[in-house]
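Need a 3D model of the sequence below.
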Amino acid sequence: MEHLLVITTCPNGACADDIALHLVENQLAACVNQLPGVRSVYQWQGKVHADQEILLFIKTRADAYARLEEAIRARHPYELPEVIALPIVQGSAPYLAWINSLVEKTP
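This next block holds a predicted model:
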């Protein structure tokens, strides 16, 4: 079973809390870490922006990714939210089993 670390950013605490709670309550993620104070510098619509954001680290299973991405995009205020998934190549077996026990299996 493949596990993922999914990354997204939010413009504020309310957005970060909303997405994190929704993902965990709906068994799309086992855990979401919120890292405040991230400064993002990027180009958008021909202009360079520098914004304070909250970075979310989302732990899930690969078979839940499509539903998780859909949930983020539905709740996110950005027109084009960052949603990047990185494979978890290795991890503590008990921790990965915990993820498996909490993330709903794809029907």
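
quick one: residue 5 and residue 86 touch, right?
Yes - the pair formed by residue 5 and residue 86 meets the contact definition of CB atoms under 8 Å, at 4.8 Å. Glycine gets a C-beta too; all of them are placed from N, C-alpha and C.

which of the two has more neighbours?
Applying other CB atoms under 10 Å to residue 5 and residue 86 shows that residue 5 carries more neighbours, namely 15 against 11.

the strands in this protein, which residues?
With DSSP state E as the criterion, the chain has strands at 3-10, 31-44, 47-61, 84-88.

and those strands as TSV, adding distance to residue 24 and mean pLDDT?
Converted to TSV, these look like this (distance: least, CB to CB, whole Å; pLDDT from 0 to 100):
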stretch	distance to residue 24	mean pLDDT
strand 3-10	13	98
strand 31-44	6	97
strand 47-61	9	97
strand 84-88	17	97
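
between these, which one is nearest to residue 75?
strand 3-10 (9.7 Å; CB to CB).

Mind listing the strands that closest one pairs with, and their directions?
Using DSSP bridges, strand 3-10 pairs in its sheet with strand 47-61 (antiparallel), strand 84-88 (antiparallel).

Make JSON lines out of the ones you listed and add distance to residue 104.
Formatted as JSON lines, the strands paired with strand 3-10 follow (distance: least, CB to CB, whole Å):
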{"stretch": "strand 47-61", "distance to residue 104": "9"}
{"stretch": "strand 84-88", "distance to residue 104": "17"}
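
Of those strands, which is nearest residue 97?
Comparing these by CB to CB, strand 47-61 comes nearest, at 11.3 Å.

hmm, who's touching that closest one?
Contacts of strand 47-61 with the rest of the structure, by CB atoms under 8 Å, 6 or more residues apart in numbering, involve 1-13, 15-16, 19-20, 23, 28-43, 68, 88, 99-100, 103.
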